[in-house]
Structures are given as C-alpha cells and as structure tokens.
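> Quick one, fold the following:
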Amino acid sequence: MTGTAAEHRTRTPAPSGTAAPARLERRPFGLARHSLALAGRSITKTLRTPEQLLDVTLQPIIFVVIYVFLLGGAVSGSTGDYLQFLLPAILVQTVLFGGMATGVNLNTDVKKGVFDRFRSLPIGRSAPLIGSVLGDLIRYLVAVVVLLGFGYALGFRVQTGLLPALGACVLTVFFAFCVSWAFVLLGVLMREPGGVQGTAFLVLFPLTFGTSMIAPKETLPGWLQGWLEVNPVNHAMVAARALMLGGPAAAAVWWTLLSGLLFLAVFAPLAVLAYRRRT
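The predicted structure follows:
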C-alpha cells in the first residue's frame, strides 16, 4: 500500500453529514449585475411607496409658485419673464434636493439590518451603494418630468430646441448623480436618518441659494458674486439656462462636468470605504 496515512486521509471524501465549503465562481461583470439587481430593488421599493416621491413632485411645484408669483413682479417685472429665468435653475435645485433621499434611505436600511443581509451574499461590497444610487435615478427623472410639465402649463417655453433641452436635463441628472455620493457618505457615517437629512440641508442651502437662481448675478453684492464664481451648483444652473434659453453654454457645461466628476472621484471611494468599515 503506497502513500502515508496522512495522504490517505486527505484523499478520503468528506462524510455525507458535513457540507464542503462552497466555491464561488467569478463571473464577468459581476459587480455591474449585482448593482443593477439592487437598483431594481430600490426602484420597486419606491414604486410601492409613492409617498417617497413627494419631495420631487409637490415640492418643486410649491417652489415655482412661491417664487414666480411672489417675487416675479419685483425681480423681473413680469411673472412670465421670471418663469423663463427661474425654471432651469429650479430644475437643478429640485434634482439635487431629491438626491438627499438616497442617503436617508440608505441610512434607514443600515439601521434596520438590511445591509447585514447584503453582507452575507456573494456580491461586491460596493454593490448595495451603487444599486441605491442607480435606483434613485428614477427620482431625478420624475422631478424633471413634473417640473417641466408644470412649467409648460404656466407658460415656460424652451428657446433653443429639443436636443439642447434634453442635454440640459441629462447634464442636471449627471451632476446630481455625482453629488449624491456625498449624501451616500453621510448615510453611512450618520447614526440616524434625521442627522443625514439635517446635515444635507445645511450643505445644500448655501450651494443652491447662494446662486443666481432667484436673482441675476449682476444684482448681487460683490462678495456673493465671488462665491458664485466658484460654486459648482451655480455653474450647473447657468449651463441649464444657456442650454434651454440660449447664450454661451460651453464654459458652464465644462465646469459642471468637471465639478461633477470631482464629486464622484472624492466621495464615491470615501463612501465605499466608510461602508466597508461599518459593515
């Protein structure tokens, strides 16, 4: 009989009562498939609880009504002219505000233990985060459709054509997608959903209201005009206005793209790192 007793034991099959550890096969594009599957879960959850869409349906309508009919006469002298000036900027603000829900919902799932179940699955660690962000793209699309539909009902009209207007919508959604990773990071780091929402508001208010959204840049004090020059949200609003109403758009579009990519490059890795450490 050849071989040592130890070799014989290693060749002996495991008893039928014990299960051999499963070996996970690596399939191509696994992270993408897992992220899309979890994005589908996020979309399904949103569709089953449509009240989650109130911030991207009723809120922008309320903002438009308040600004146009309370400030339109004072700022522009005409509510119709002010609507033309305001709506592209409100579009950017609404989509950015809608991104806060990504961090709040993610924090809620972490507290409820949903992400503990994701951790036990053979999926990439970053897949739940990517899935949450991708799934919330439906919120941005709803915001764009509702706001443009309501604006057209009030008299807003695109002056540049269909393709530039679609470009403004795509640019706005892309920028919001990149910024939403900052809310994802807050969702992972904060202990309560209320903390995520409160901190996100503190960050978004100077970014969205410290812009030319309500009043033209020329009417603002000098120090605030300086802030507008470096505020990425203001560049996104200027780009949306130029693409929808006409005027030079190239510089604002490039600034929006670059600042969005910067948000993505900084906050996406930090969010994934914080998530791995927490789970």
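
> now the stretch 51-200 of the chain, which segments are flagged as low pLDDT?
Filtered on pLDDT under 70, the stretch 51-200 of the chain yields the residue ranges 114-116, 118-122, 124-125.

> Now do the helices in it.
Across the stretch 51-200 of the chain, reading from the start of the chain, the helices by DSSP state H, counting those that start in this stretch fall at 58-66, 72-75, 79-98, 100-112, 114-120, 127-135, 137-154, 162-189, 193-209.

> so which of the ones you listed comes closest to Leu262?
Evaluated over the helices of the stretch 51-200 of the chain, closeness to Leu262 peaks at helix 162-189, with 8.1 Å, by CB to CB. Bear in mind the C-beta positions are built from the backbone N, C-alpha and C, glycine included.

> Packing partners of that closest one?
Packing contacts for helix 162-189, counted by 3 or more CB pairs under 8 Å, 6 or more residues apart in numbering; DSSP states H and E, involve helix 79-98, helix 100-112, helix 127-135, helix 137-154, helix 193-209, helix 232-245, helix 250-278.

> Let's have the helices of the stretch 51-200 of the chain in CSV, adding distance to Gly246 and mean neighbour count.
Output for those, formatted as CSV (distance: least, CB to CB, whole Å; neighbours: other CB atoms under 10 Å):
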stretch, distance to Gly246, mean neighbour count
helix 58-66, 21, 16
helix 72-75, 20, 14
helix 79-98, 11, 23
helix 100-112, 31, 22
helix 114-120, 46, 14
helix 127-135, 33, 23
helix 137-154, 17, 19
helix 162-189, 9, 22
helix 193-209, 23, 16
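
> Columns distance to Leu270 on top of these, output as a markdown table?
What follows is the helices of the stretch 51-200 of the chain, written out as a markdown table (distance: least, CB to CB, whole Å):
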| stretch | distance to Leu270 |
| --- | --- |
| helix 58-66 | 28 |
| helix 72-75 | 39 |
| helix 79-98 | 19 |
| helix 100-112 | 13 |
| helix 114-120 | 17 |
| helix 127-135 | 11 |
| helix 137-154 | 21 |
| helix 162-189 | 5 |
| helix 193-209 | 15 |
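
> Quick one: closest of those helices to Arg41.
Of all these, it is helix 127-135 that lies closest to Arg41, at 6.9 Å by CB to CB.

> helices and strands around the closest one, which ones?
Contacts defined by 3+ CB pairs under 8 Å, 6+ apart place helix 127-135 against helix 30-48, helix 100-112, helix 114-120, helix 162-189, helix 250-278.
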